[in-house]
Every structure is written in structure tokens, then in C-alpha cells.
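In: sequence first, predicted coordinates after that:
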Amino acid sequence: MRSFQKFITFGAVADPINRKKITDFVYDSLFNGKSNINLKNSESSNYASSLSQIISNEKMKNLSRNDSELSQKITEDVLDFINRTKKAFNKLDNPYEEEQLMLNSFKTISEKTFRAEWDKASSFVKTTYGNKELDTVFYEKEFVKSLNPGIKDKKQAVQFESVKEHFIEKWEELLIKKQTKRELEFIDREREKFCQELYKKIEELMKIQELLEPFTNELGRLWDMSKGSWNKNSFDIIKKYAELMKKDKAIQDLAEMLGRMRSAEKEYEEELFTNIKIKPEWKFVHAEKSDLVGIRESDDLSALLPSETVLLADKATETVFFKKFVEKKLQTFEYIAKQLSYSEEEFQDKRLREKEESKGPFIICVDTSGSMHGTPENVAKTLCFALLKIALRDKRKCYLISFSTSIETLDLADLKNSIDKIIDFLSMSFHGGTDATPAMKEALRMLSSDSYKKADVIVVSDFIMPEFDENSKDQIEKARETGTKFHSLLIGRSQNTQVIKEFDNNWQYDPDRSESMITLLKNTNKL
């Protein structure tokens, strides 16, 4: 993928081929569960074990499996971890730098400079490793043999370079082993810190996913949202109202009830269809005897009348019988057999079909005046949050109107991309006076639009407010005639009952009563 190309081309470890292997391993492990990694480069192989441990988290694998965007996001974070870790390691003071310089210097010695360099190198090696890991006594003997001028054999003459190469190889192997161990320990410490952050983000992502469902299931987007300040502030706000909604089941019940109360006028459309008519009919079968219907002339000997058989009794009339038989003029009984059969006849017909009724949108008017501050504010916002979740679940548009002395509107037709707007509403403070008429006028205006035709209107307030003007009342009646329902949630007990009467359905939530969950569904027209 294009987002991985920067690491593959310019990554801090290994070569492009091995960096491509690292990238493919991480992404494939997350996306489709593959977990095979084959890194040959020693620098990249240092990360193989850590990568396997990072990817082993089951929650992370379950979340990212078959989710290309989330797998890509996590892979990017892992690749960034590798780069950061390698660069940080390179900046550390190297405790083996002096030994590396000594080894590099020893690689350049010749027969002439051997003795001075060997004394220094062998002394260091003997002190650092001892003869069990690197036997300096053995190599000194071999070097002495190779430098013996009395040896004339050509093979013995080149032995010095061979001994030197063998000694350097063993020494370098021990040094690399120490350097690798040091780097692996550093990588492992960094891996633990990275995994702590990564797995914490996975837990947060799961919480955000649960809270924002069904607002969004785009885990890749949520992964980005969980990174910064959104997670700290906005997540806490979402969590607050989700927990309030979960705690106060009555609010959720009311939201569900409002979601089911859509009763738009049914509409019908005409459609053509192919109809089939079954026609019964009788068919006559003349070859079978069934019902006697008369007498006819024929040569059917099985149906002869008795008067015709008499002709055969006398030789004088016998010739008459044969003459009639040849001419098929014998008097015979006539039988007819009837059978009932059915035939199908297709024809085009018309019928009225009921149009599939889609649930209408919501228009929510929320009182944000100062008198709603505190518990009423929490109830209002929690109900809005519950309604928004239902609107998204049922694919219904939502228009939010907040009102005090003035109004503010929020068109949430595209709820999936409106999370930030919802957060802004849930974060706002309630203050100012109360005038619901402008909010109702705005709701009525939206009812005349194509997008919000026949919407359900829900007003959440303490209803400490003046009545709607006559014009608004008339428009409410007209909207009601076209199928719109007006609902109210009264918070408190100090309402203006003249305003409440304008609604089709009313509920009350009294935060001062211990049984407020019960009175939530109480019809305020009966108060």
C-alpha cells in the first residue's frame, strides 16, 4: 500500500526487501491472520520476535481481521515503532565502540605490524572473553608458525592471512553477539512500552466502538479519533450520556416508543402483473360407453338394436342385414362419455400495491434555557442521544433545534459524519430565557421541505414558556392533517398546560420524584 512505501523505501532498519517482508508480515497477520515471517537480514531479524509478540494480542487481531483500514492504521503504528526504536538505539552511547575500533584496526595489520597489534588485541580479548570463548594462546602459536621464515612451503607462506581471518571471524562473532543482545534488550524494553500504549488504544477503541455504535463502524477512523484530544474530552462526553442512557432505562424506552410511533398515511401505486385464469370444460370421448343419448346408423355391432339382430335369424333377411352392415346403416345405440378438464389462460391485469412505508425523520427541539440547567439538561441531552442512535439505526434523518431566547439548528441528515457536531451539542451549556415559538416555526418550516416531510416533531422542555402564537397553532393543525405527530417530554412540574395541549402525546420526567422512571411515561394531559 502507498502508506507503507515510505517505510519500505526509507526505513531505518535493513534493506528494502526485508522492510517489505516486515510490512507484509504485520499487515497480513492483522488482516487475515497469517503469521509467518522469514527475515534473513540480521538487523531486521532482531525485530522478528518483538513483532510476533506485538501481533499476538487476540483483541487486536479480532478487531482488525478483514478490516483493511484498521489493519493499515495499526501496521503504520508498528512500522513507526520500528523506525523510532532503531533511531533511538543508534543515538545511545555504544559501550563496545572501543572494541569495534580495535577490531577494525586489527583487520588492517600485516606481517610487519603484527607483533605490536597482536599484543594489544590478545591482551584485550583474553581479559574480555577468556580462552574458553576465544583461545588467544592457540592463535598466537598459529601466528608464530605462519611467520617462521624457515618454512619454505608456499602453502605455509600464505597461512598468516588465513589465521588472521579466522581469528577476526571468531572475535567479530563474539562482538556481534554482545551487540545483538544489547539491541534485543533495548528493543524488548521499547516493545513493552509500545504494547502498553497500543493495547490501551485497543481497549479504548473497543469502548469507543461500543459507545458510538451505530454512529460509525469505521474502526480505522475511530483509531485516528482515539489518538488525540478527541479521546480525552469527547470520549468522556459520549461516555457520560451513554452511561446515563443505560442507567435510566425509561429514557431509552421513551426513545424506542417515539421511534415506533411513526404512522404516516399509507400510499398506494398501480402495477401491472400477469394473471392466470383457470377454465373448466367438458370433453366428449366417443370411443367409450357411458351415457345413452339416442339411436344412430352405424356398423357398430356391439351396439345393435334387438330389431337388427332379428334379421340374422332368417336366411331370407340375412342378406338385408349384411347389406346394412356394409352401408353402415344398422340401427345402433348411441353412447357419449364426458370428461372434465381444465385449461389455463394468461392475461394482463392491474392492481394497487401498498408502497413500502419508510419511517419518517425526526425533528428534535431542545430547550437550552437557564431553567433547564442541571438534571433537566442531562435528561434532555440523554434523550437526544438515544433518539439520534435510533435515527441512525433506522436510517432516519434528524434535525436538531436548540432554543432559548434564540435558536440554533443542526442538520444531521448524514449522521455517520456528524459525530463532531453531536459532541458540540452535548458539550454546550444551557442558559438564557425561554421562547419556543421560533423553534416551532423552524420545525414547521422544515416540515414543508422534501427532506423532512411528515417528520415526527419532539419537543423537550420544562415548558415554562408562553403559548405558541395563533399562526403557529394553525400550522401545527395543518401539519397534523398530513401525518405529522407532535410529541413532548415535560421535565419538571411547572409547565404551562396551554402549551402542552398542542401536542399529540406527552410524557413527564420529574427529577424531584424518586419514582421518576415510572412517571416518565405518564400522560401530562391528565395532570
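Out: Right, received. Where do you want to start?
In: only C-alpha atoms for contact and neighbour calcs from this point on.
Out: OK.
In: now stretch 375-394, how far from the centre of its chain.
Out: 22 Å (Cα atoms, centre = their mean, to the nearest Å).
In: my error: substitute stretch 448-467 in the last question.
Out: With Cα atoms, centre = their mean as the basis, the mean position of stretch 448-467 lies at 33 Å from the chain mean.
In: CA-only coordinates of that stretch in CSV, if you can.
Out: The C-alpha atoms that make up stretch 448-467 are tabulated as CSV, following Å, rounded to 0.1, in the frame of the first residue of the first chain:
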residue,chain,number,x,y,z
SER,A,448,-42.6,21.8,4.3
SER,A,449,-39.2,20.6,2.8
ASP,A,450,-38.9,17.3,0.9
SER,A,451,-36.2,16.0,3.3
TYR,A,452,-38.4,16.3,6.4
LYS,A,453,-41.8,15.9,5.0
LYS,A,454,-44.1,14.1,7.6
ALA,A,455,-41.3,14.1,10.2
ASP,A,456,-42.0,13.4,13.9
VAL,A,457,-41.6,16.5,16.0
ILE,A,458,-40.3,16.0,19.6
VAL,A,459,-40.0,19.0,22.0
VAL,A,460,-38.0,18.5,25.2
SER,A,461,-38.5,21.3,27.7
ASP,A,462,-39.7,22.3,31.2
PHE,A,463,-42.4,24.2,29.3
ILE,A,464,-42.1,27.3,31.4
MET,A,465,-42.9,29.4,28.4
PRO,A,466,-45.6,31.5,26.8
GLU,A,467,-48.1,29.9,24.4
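In: so, low pLDDT: which residues of the stretch 301-450 of the chain?
Out: Across the stretch 301-450 of the chain, residues meeting the criterion (pLDDT under 70) sit at 336-344, 347, 349-359, 413-418.
In: tell me which stretches of it form strands.
Out: Using DSSP state E, counting those that start in this stretch, the strands of the stretch 301-450 of the chain run over residues 330-354, 362-367, 398-403, 407-411.
In: farthest residue from the center of this protein?
Out: Seen from the C-alpha centroid of the chain, the residue lying at the greatest distance (Cα atoms, centre = their mean) is Ala316, 107.1 Å away.
In: relative to Gly360, how far out is that one?
Out: Computed as Cα to Cα, to the nearest Å, the Ala316 to Gly360 distance reads 102 Å.
In: hmm, back to that, for Lys324, see how far away the residue farthest from the centre of the chain is.
Out: Plainly put, Ala316 is 14 Å away from Lys324 if you go by Cα to Cα.
In: cool, and Leu254?
Out: 99 Å.
In: same question for Asp469.
Out: Counting by Cα to Cα, the gap from Asp469 to Lys324 is 109 Å.
In: among the two, which residue is more densely surrounded?
Out: Lys324 (16 against 10; other Cα atoms under 10 Å).
In: thought that one was touching Glu318?
Out: No. The pair Lys324 and Glu318 does not pass the contact test of Cα atoms under 8 Å, sitting 10.1 Å apart.
In: so for stretch 256-265, mean pLDDT?
Out: pLDDT averaged over stretch 256-265 equals 58, rounded to a whole number.
In: again, but for stretch 473-481
Out: In this model, stretch 473-481 has a mean pLDDT of 89.
In: now it: buried residues?
Out: Within stretch 473-481, the residues that qualify as buried are 473, 476, 479-480, counting by 16 or more other Cα atoms under 10 Å.
In: can I get these in TSV including secondary structure and distance to Leu312?
Out: Putting the buried residues of stretch 473-481 into TSV (DSSP: H, G, I helix; E, B strand; the rest coil; distance: Cα to Cα, whole Å) gives the following:
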residue	secondary structure	distance to Leu312
Lys473	helix	109
Ile476	helix	105
Ala479	helix	100
Arg480	helix	99
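In: can you redo those residues as JSON lines with distance to Glu185?
Out: Below are those laid out as JSON lines (distance: Cα to Cα, whole Å):
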{"residue": "Lys473", "distance to Glu185": "76"}
{"residue": "Ile476", "distance to Glu185": "73"}
{"residue": "Ala479", "distance to Glu185": "73"}
{"residue": "Arg480", "distance to Glu185": "73"}
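In: Leu198 sits in which helix or strand?
Out: Using DSSP states H and E, Leu198 maps to helix 159-212.
In: for that helix, packing partners?
Out: Here helix 159-212 is seen to pack against helix 48-55, helix 58-64, helix 68-91, helix 97-107, helix 136-146, helix 219-225, helix 235-247 when contacts are counted using 3 or more Cα pairs under 8 Å, 6 or more residues apart in numbering; DSSP states H and E.
In: which one of those helices has the lowest average pLDDT?
Out: Set side by side, the helices and strands packed on helix 159-212 give their lowest mean pLDDT on helix 219-225, at a mean of 60.
In: mind splitting the chain into its structural domains?
Out: 1-227, 274-354, 362-526 (automatic domain parsing).
In: need the winner for burial among the ones you listed.
Out: The highest mean neighbour count among those, using mean count of other Cα atoms under 10 Å, belongs to domain 362-526: a mean of 19.
In: pretty sure Lys453 belongs to a helix, no?
Out: No. Remark: Lys453 does not belong to a helix; assigned using DSSP: H, G, I helix; E, B strand; the rest coil, it is coil.
In: for Arg396, see how far away it is.
Out: Summarising the geometry, the distance separating Lys453 from Arg396, computed by Cα to Cα, is 12 Å.
In: repeat for Glu243
Out: Relative to Arg396, and taking Cα to Cα, Glu243 is found at 24 Å.
In: same question, Ser472
Out: 25 Å.
In: turn the helices and strands packed on helix 159-212 into a markdown table, including distance to Met372.
Out: Below are the helices and strands packed on helix 159-212 laid out as a markdown table (distance: least, Cα to Cα, whole Å):
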| stretch | distance to Met372 |
| --- | --- |
| helix 48-55 | 49 |
| helix 58-64 | 41 |
| helix 68-91 | 41 |
| helix 97-107 | 70 |
| helix 136-146 | 88 |
| helix 219-225 | 31 |
| helix 235-247 | 16 |
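In: got a list of contacts for stretch 473-491?
Out: Under the criterion Cα atoms under 8 Å, 6 or more residues apart in numbering, residues 262-265, 376, 444, 447, 454-463, 500, 502-511, 524 lie in contact with stretch 473-491.
In: ok, stretch 370-381 next?
Out: Applying Cα under 8 Å, 6+ apart, the set of residues contacting stretch 370-381 from outside is 241, 251, 366, 368, 426, 429-433, 460-462, 491-492, 511.
In: quote the end-to-end distance of that stretch.
Out: Across its full length, stretch 370-381 reaches 14 Å end to end, with Cα to Cα as the criterion.
In: check stretch 438-457 too.
Out: Where stretch 438-457 starts and where it finishes are 14 Å apart, if you go by Cα to Cα.
In: stretch 390-398 too?
Out: This stretch, stretch 390-398, spans 10 Å end to end (Cα to Cα).
In: and that stretch, how far out from the chain's middle?
Out: 17 Å.
In: so who does Leu184 touch?
Out: 46-47.
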